[in-house]
Structure formats: structure tokens, C-alpha cells
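Any chance you can model this:
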Amino acid sequence: MDVAVAKSELTAAGFKLDAEGDLLHNPADNRTSSNSEARHFVSDRFILQMKRPGAN
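Model prediction:
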């Protein structure tokens, strides 16, 4: 999943982006194959911290 799509879907559902990180980003992943266990630690991933509306 593309990070822009995830952000769009979550904000459309009412969540607010609180923070994001690129700790799991892997630019070497060409995103042409599925994310199976064999590729678990080499796939490109992202981290989004979202807040629910009204949550403290």
C-alpha cells in the first residue's frame, strides 16, 4: 500500500496524523512482488501514528 493512500483513507475516516516515521523504509524494494514471510524484513514499509477525534 502506498503511504499517500493510507494517509488519505485514514484522514477521510476522521483520524488525524500525529506523527510518521521512515524507520522501516527500504528504497531497494521495487514493490513488484507480494509481502510474504520470505520478504518480511526487506519490504518497504511505513509507520503512521494516528489520533482518533476526541482522544487525548
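
ok, for the residue sitting nearest the centre point of the chain, nearest residue in space, not its chain neighbours?
Centroid-nearest residue in the chain, with CA atoms, centre = their mean: F46, separated by 3.7 Å. Computed as CB to CB, 6 or more residues apart in numbering, the closest residue to F46 that is not its neighbour in sequence is V3, at 4.5 Å. C-beta coordinates here come from the backbone N, C-alpha and C atoms, glycine included.

That neighbour touches D44, doesn't it?
No - using CB atoms under 8 Å, V3 is not in contact with D44; the gap is 9.4 Å.

quick one on the thing from earlier: just the pLDDT for the residue nearest to F46.
Per-residue pLDDT puts V3 at 88.

Could you pull up phi and psi at it?
For V3, the backbone dihedrals (degrees, to the nearest 10) come out as phi -60, psi -40.

next one: T11
Backbone torsions of T11, given as degrees, to the nearest 10, read phi -70, psi -30.

Which of the three states applies to the nearest residue in space to it that is not next to it in sequence?
Residue nearest to T11 in three dimensions, not counting chain neighbours: L17, with 6.7 Å by CB to CB, 6+ apart. At L17 the chain is in strand, as set by DSSP: H, G, I helix; E, B strand; the rest coil.

State the number of residues packed around L17.
L17 has 13 neighbours, counted by other CB atoms under 10 Å.
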